[in-house]
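Colleague: Coordinates only, no sequence provided:
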């Protein structure tokens, strides 16, 4: 990464850092103010359940429109055209699963974590432990993706070259994020997400108008410009297949990715936990509606931004830029509005990473403290103060892991890494959640088999996939596209394991259930009545 | 409020089973499932069709309809449209058919059972 691309020379690191510092300063003040009322466990984990539906919807979109959506998808569209667009569609349609099948029932049944719902009518300790392990695994993959995005951005925007400088900035990002979580809890984190979502969507909207304006608000003209700039393979940008259409294996890989994307969202623990921050199931529904609207509109923007980056910056410049595909959107901002717009977009992208990582950290730490510490280790005999203390300590540990992981995963495409997190969520979590909410017969053994089975199969297939080792070395960069260089231990042909691991998890959940006689009719009755009516649901603590 | 899971199940449990077996609750469950199951199957199949077309019918999806607007783009945008429409339909259905019944049962449960 010693050669900086031409585009980056217009960047003004001091300006970028200033804008970002202003964002951090403002949000930290808000987080401090929000934290004054954070007293109980319910405040820390669920913001006192006092956010409104629209507020939570905006926060959900802030959580969901991660660096992967903004940097990853825009970059993928700029380089691979239509194939990048496919990510956005999977990410959006997935919300219908959350809306129709999960959000409201989960809000009515649970308290702080996914484990609350999964363990409701099961034997508490084993199921909670399993839920916590899978929550931590999904959060880890998702964290890696966000931190990888941070690494590329740093290189691009701050003019910091060399590994040490980059690693240092990743560490700084990690430390700020830990501050948000420790001080602000869920309330502070939610406000950071709301602010970030508004900035991100506004920024993307402005850039979209700008790009469209350059082409007379004619989408077809914009595409033509992208095709012209794309050179020999430019025409392929318009239809699917440029990235995934090469061989039978890549086609299957794409199908696998598509399935993982659409089934993953409703199994993402940090998304699920957001439903506990509103007072009622109806507000949970309203939040999903807001989230779907905002996320859908945003993905339409990224379509324009991606092709815009292809047309105005060009795939060659993007591929050579530090951070490669992840830098398409920032380079487009530079092309359009010069260093000031780049500074703004860069700050927003950093803020995105901060906010999402903070959301992941609070989810993972809540799951550890509430499921593992309070219910598995202490068997429910603990006071909320010590539970929150454990959550804060866990947040510190997770923050440290995120920093180290981010340093290791620096140059991966973030949309791709997020897709792996989705595969784990769709395999380990979603089958268990659906069975648990809708299948009367489901029991402890079934839950354990689907969680552990889905998780283990999914992670193993990832470890032995070409994503981790054994992709051919690119002649231009001298590097393999795999995560680990120089070795090849892959035997599973696909990058994304979803097409195998998701059906396996559903099957194991069924098999484990029918092989066990356990059935708690009373708890099932309670769970079903509560989930559908909201009777006995956790109330907001303060109005 | 309590802070452990133990108190979640402390209500007289027979009441939950009584409610679960009541005609009103059976009706609520029927109304929920009769909407969400078929609609989920529908949008998942529609999405799968889209993915398979984009994957295996690239020629068809790359066909230009007008200008540089391809069949694939229109299909993709239709996925956005269907998502928004289903969201709207569900909210309308839930507000009219699910919420009143759920509220009624909840008031009954919380009024007498607790």
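Modeller: Structure received. Note that the structure is predicted; figures quoted are calculated from it, not measured. Numbering: from 1, shown residues only, chains lettered A, B, ... in the order given.
Colleague: just the helices in chain B please.
Modeller: Taking DSSP state H to define them, one finds helices in chain B at B:13-21, B:23-56, B:58-61, B:71-93, B:99-112.
Colleague: Rebuild those as CSV, extending it with mean pLDDT, distance to chain A and mean neighbour count.
Modeller: Placement of C-beta: from N, CA and C, glycine included. Shown next, in CSV, are the helices of chain B (pLDDT from 0 to 100; distance: least, C-beta to the nearest C-beta, whole Å; neighbours: other C-beta atoms under 10 Å in any protein chain shown):
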stretch, mean pLDDT, distance to chain A, mean neighbour count
helix B:13-21, 81, 4, 17
helix B:23-56, 95, 4, 16
helix B:58-61, 87, 4, 18
helix B:71-93, 95, 5, 17
helix B:99-112, 87, 4, 16
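Colleague: State which one residue of chain A is found closest to chain B.
Modeller: Residue of chain A nearest chain B, by C-beta to the nearest C-beta: residue A:239 (2.5 Å).
Colleague: what's the closest non-adjacent residue to that residue?
Modeller: Of all residues not flanking residue A:239 in the chain, residue B:62 sits nearest, at 2.5 Å (C-beta to C-beta, 6 or more residues apart in numbering or on different chains).
Colleague: any idea how far residue A:508 is from residue A:265?
Modeller: 22 Å (C-beta to C-beta, to the nearest Å).
Colleague: Compare those two and say which is more crowded by neighbours.
Modeller: Neighbours per residue, other C-beta atoms under 10 Å in any protein chain shown: of residue A:265 and residue A:508, the larger number sits with residue A:265, 26 against 23.
Colleague: how about that one, what does it touch?
Modeller: A:64, A:91, A:94-95, A:97-98, A:271, A:422, A:425 (C-beta atoms under 8 Å, 6 or more residues apart in numbering or on different chains).
Colleague: so what does the helix of greatest length in chain A touch, helix or strand wise?
Modeller: When chain A is parsed with DSSP H, its longest helix is helix A:162-214. Secondary-structure packing of helix A:162-214 (3 or more C-beta pairs under 8 Å, 6 or more residues apart in numbering or on different chains; DSSP states H and E): helix A:13-35, helix A:41-46, helix A:53-64, helix A:124-157, helix A:219-229, helix A:281-312, helix A:328-366, helix A:384-408.
Colleague: Could you rerun that using 7 Å?
Modeller: helix A:13-35, helix A:41-46, helix A:53-64, helix A:124-157, helix A:281-312, helix A:328-366, helix A:384-408 (3 or more C-beta pairs under 7 Å, 6 or more residues apart in numbering or on different chains; DSSP states H and E).
Colleague: how about the ones you listed in a markdown table, adding distance to chain B?
Modeller: Below are the helices and strands packed on helix A:162-214 laid out as a markdown table (distance: least, C-beta to the nearest C-beta, whole Å):
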| stretch | distance to chain B |
| --- | --- |
| helix A:13-35 | 20 |
| helix A:41-46 | 6 |
| helix A:53-64 | 11 |
| helix A:124-157 | 6 |
| helix A:281-312 | 5 |
| helix A:328-366 | 13 |
| helix A:384-408 | 4 |
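Colleague: Find me whatever residue is spatially closest to residue A:267, sequence neighbours aside.
Modeller: residue A:429 (3.3 Å).
Colleague: tell me the secondary structure for that neighbour?
Modeller: helix (DSSP: H, G, I helix; E, B strand; the rest coil).
Colleague: What are the contacting residues of the helix or strand containing residue A:421?
Modeller: Under the criterion of DSSP states H and E, residue A:421 resides in helix A:414-424. Residues from elsewhere that reach helix A:414-424 (C-beta atoms under 7 Å, 6 or more residues apart in numbering or on different chains): A:66-68, A:71-73, A:76, A:87, A:137-138, A:141-142, A:144-145, A:148-149, A:257, A:260-261, A:264, A:326, A:409, A:455, A:458-459, A:462, A:496-498, A:501.
Colleague: Mark which of the residues you listed are part of helices, please.
Modeller: Using DSSP H, A:67, A:76, A:87, A:137-138, A:141-142, A:144-145, A:148-149, A:257, A:260-261, A:264, A:455, A:458-459, A:462, A:498, A:501 are the members of the contacts of helix A:414-424 that sit in helices.
Colleague: Just the buried residues from those residues, in PyMOL please.
Modeller: Selection of buried members from the ones in helices among the contacts of helix A:414-424 for PyMOL, criterion 16 or more other C-beta atoms under 10 Å in any protein chain shown:
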select buried, chain A and resi 67+76+87+137+138+141+142+144+145+148+149+257+260+261+264+455+458+459+462+498+501
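Colleague: And the pLDDT at residue A:156?
Modeller: At residue A:156, the pLDDT value in this model is 69.
Colleague: pretty sure residue A:185 is in contact with residue A:46, am I right?
Modeller: No: using C-beta atoms under 7 Å as the test, residue A:185 is too far from residue A:46 to be in contact (9.1 Å).
Colleague: if I pick the closest residue to chain A within chain B, what's in contact with it?
Modeller: In chain B, the residue found nearest to chain A is residue B:62; the distance is 2.5 Å by C-beta to the nearest C-beta. For residue B:62, the contacting residues are A:238-240, B:70, B:72, by C-beta under 7 Å, 6+ apart.
Colleague: Roughly how far does it sit from residue A:252?
Modeller: From residue B:62 to residue A:252 the distance is 20 Å (C-beta to C-beta).
Colleague: Repeat that for residue A:202.
Modeller: Using C-beta to C-beta, residue A:202 is found at 39 Å from residue A:252.
Colleague: Could you check how far the most centrally placed residue in chain B is from residue A:527?
Modeller: Centroid-nearest residue in chain B, with C-alpha atoms, centre = their mean: residue B:36, separated by 4.2 Å. Noted for residue B:36: a distance of 17 Å to residue A:527, by C-beta to C-beta.
Colleague: Which positions in the stretch 401-543 of chain A make contact with chain B?
Modeller: A:522-523, A:525-526, A:528-529, A:532-536 (C-beta under 7 Å from any C-beta of the partner chain).
Colleague: If we only consider those, which is nearest to residue A:213?
Modeller: Within those, the smallest distance to residue A:213 is 47.7 Å, found for residue A:534 (C-beta to C-beta).
Colleague: Does the closest one touch residue B:105 like I think?
Modeller: No: counting by C-beta under 7 Å, residue A:534 sits too far from residue B:105 to count as a contact (9.1 Å).
Colleague: quick one: contacts for residue 61?
Modeller: As the question left the chain open, I've gone with chain A. A:197, A:291, A:294-295.
Colleague: you looked at the wrong chain, it should be chain B
Modeller: So residue B:61 contacts A:239-240, B:53-54, B:70-72, B:75 (C-beta under 7 Å, 6+ apart).
Colleague: make it 6 Å
Modeller: Residues near residue B:61 by C-beta atoms under 6 Å, 6 or more residues apart in numbering or on different chains: A:239-240, B:53-54, B:71-72.
Colleague: with the residues you listed in mind, which one is nearest to residue A:153?
Modeller: residue A:240 (28.4 Å).
Colleague: Can you flag the residue of chain B lying furthest from its geometric centre?
Modeller: Outermost in chain B, C-alpha atoms, centre = their mean: residue B:67 at 37.5 Å.
Colleague: And for it, nearest residue in space, chain neighbours not counted?
Modeller: residue A:220 (3.0 Å).
Colleague: wait, the one you found sits on residue B:66?
Modeller: No: Residue A:220 is beyond contact range of residue B:66, at 7.4 Å (criterion: C-beta atoms under 6 Å).
Colleague: which one of these two has more residues nearby?
Modeller: Comparing residue A:220 with residue B:66 by neighbour count (other C-beta under 10 Å), the higher total belongs to residue A:220, at 16 against 8.
Colleague: So the more buried one versus residue A:391, what's the distance?
Modeller: Distance check for residue A:220 against residue A:391: by C-beta to C-beta, it reads 52 Å.
Colleague: I'm done for today, thanks for sticking with me.
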